[in-house]
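Peer 1: Give me coordinates for this.
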Amino acid sequence: MTGQVRDLVGYGREGLPVRWPNGARVAICLVINYEEGSEYSYANGDGRNEIPQEFDYPPLPVRDLGNETIFEYGARAGIWRLQRMFDEMRLPVTFQACATALEMNAEVAAWIKEAGHDVCCHGYRWENVSTLDCETERQRLRMAIESIAETCGVRPRGWYSRQPASVNTRELLVEEGGFLYDSDSFADELPYFVPVLGRDHLVVPYSFALNDGRFLPGQTLSGPDAFLDHCRRSLDYLWEEGATRPKLMSIGLHPRIIGQPARAHALREFLREATDRGEIWWARRQDIAEFWWANHGPAADPQ
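Peer 2: Okay, the predicted model is just below:
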């Protein structure tokens, strides 16, 4: 495996002329990161705990029952608050989901199937793939694909690593085949192609700017109003730019974080305002990838 070559030029000063479906000014992708139960913990036999989620202390050298219950909240309560919200508003969602998390909560996989949401594989577990040797990463990738195909009834077409990806990840995806894209990049506000193993490989960038993880201790969001303001200002600016330079706006969500009532209230307020504004394409990541392959990719089918 050879790793990646950096590109600091991208689409350049003029950008890339893009026309989203129906002339939308902004494509908004709602992303639920579903990791509950797949995190590092003594309970999972890891000999370590996940970084505390709502608590401002370092990981404990013993089982952390409190932190475990934060993840349990996401699977027991937070995910269903989001389900009711998105179902009521009829908004499509991409799940960046860990395979074992879906194995442990079949109802979540059932909702994904019933609602027609898509799954971007987030690993077999919520683990740092950059610390795995190449063969172990290859095995975990295949385990994740098989597991999600079983729980959700369809294999994942996208991939997103727990950051950072390894130097081998992208080549392993192309070697495996069946993937339309990966989201292991924060480099742009539009998808782009990179050469991997002699092929064009699509990257649909993600973003940490609009991510509820910033509510956690040491991060930058002081409360629900700050999240709402950040989303509003981002959409205002992108919507103005979208008259001539449409872009992609990704919003990263975690059931254990945004699923808390006050935070969910801020999210719902933003979504209502955005839907009322119009000229927005609410798209799953798979929709964006398929659009890009069809309109900006090679003439041949990528698979």
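Peer 1: Can you tell me the closest non-neighbouring residue to Pro21?
Peer 2: Trp281 (5.5 Å; Cβ to Cβ, 6 or more residues apart in numbering). C-beta coordinates here come from the backbone N, C-alpha and C atoms, glycine included.
Peer 1: Does that neighbour touch Gly23 like I think?
Peer 2: No. Here Trp281 lies out of contact with Gly23, judged by Cβ atoms under 8 Å, at a distance of 9.2 Å.
Peer 1: Between those two, tell me which one has more neighbours.
Peer 2: More crowded of Trp281 and Gly23, by other Cβ atoms under 10 Å: Trp281, with 19 against 10.
Peer 1: What residues sit buried inside the helix or strand hosting Ala149?
Peer 2: Using DSSP states H and E, Ala149 maps to helix 134-152. Going by neighbour count (16 or more other Cβ atoms under 10 Å), the buried part of helix 134-152 is 137-138, 140-141, 144-145, 147-148, 151-152.
Peer 1: now swap in stretch 70-86 and tell me
Peer 2: Neighbour counts over stretch 70-86 (16+ other Cβ under 10 Å) mark 70-71, 73-75, 78-79, 81-83, 85-86 as buried.
Peer 1: again, but for stretch 89-106
Peer 2: Of the residues in stretch 89-106, 91-103, 105 count as buried by neighbour count, 16+ other Cβ under 10 Å.
Peer 1: Please flag which of these sit within strands.
Peer 2: Of the buried residues of stretch 89-106, the ones assigned to strands by DSSP state E are 94-97.
Peer 1: Please list the members of the buried residues of stretch 70-86 that lie in helices.
Peer 2: 70-71, 73, 79, 81-83, 85-86 (DSSP state H).
Peer 1: Using a markdown table, please lay out the residues you listed together with pLDDT and distance to Ile257.
Peer 2: As requested, these are exported to a markdown table (pLDDT from 0 to 100; distance: Cβ to Cβ, whole Å):
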| residue | pLDDT | distance to Ile257 |
| --- | --- | --- |
| Ile70 | 97 | 9 |
| Phe71 | 98 | 10 |
| Tyr73 | 98 | 10 |
| Ile79 | 98 | 11 |
| Arg81 | 98 | 12 |
| Leu82 | 98 | 11 |
| Gln83 | 98 | 16 |
| Met85 | 98 | 14 |
| Phe86 | 98 | 16 |
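Peer 1: re the thing from before, what is the helix holding Ala149 packed up against?
Peer 2: Helices and strands touching helix 134-152, by 3 or more Cβ pairs under 8 Å, 6 or more residues apart in numbering; DSSP states H and E, are helix 99-103, helix 106-115, strand 118-121, helix 169-176.
Peer 1: The second one vs helix 134-152, what angle?
Peer 2: If I follow you right, that is helix 106-115. Following axes from the mean of the first three to the mean of the last three Cα atoms, to 10 degrees, one obtains 70 degrees for the angle between helix 106-115 and helix 134-152.
Peer 1: Need the contact partners of helix 106-115.
Peer 2: The contact list for helix 106-115, computed with Cβ atoms under 8 Å, 6 or more residues apart in numbering, reads 34, 75, 79, 83, 86-87, 92-93, 95, 97, 101-102, 117-119, 151-153.
Peer 1: Ends of stretch 217-228, what's the gap?
Peer 2: 18 Å (Cα to Cα, to the nearest Å).
Peer 1: what distance separates the start and the end of stretch 58-70?
Peer 2: Span of stretch 58-70 from end to end, Cα to Cα: 15 Å.
Peer 1: Quick check: buried residues in it?
Peer 2: 64, 67-68, 70.
Peer 1: still on that earlier bit, tell me how far the helix or strand harbouring the residue nearest to Pro21 lies from the chain's centre.
Peer 2: Element membership for Trp281 (DSSP H and E) is strand 280-282. Centroid displacement of strand 280-282 relative to its chain, using Cα atoms, centre = their mean, to the nearest Å, is 17 Å.
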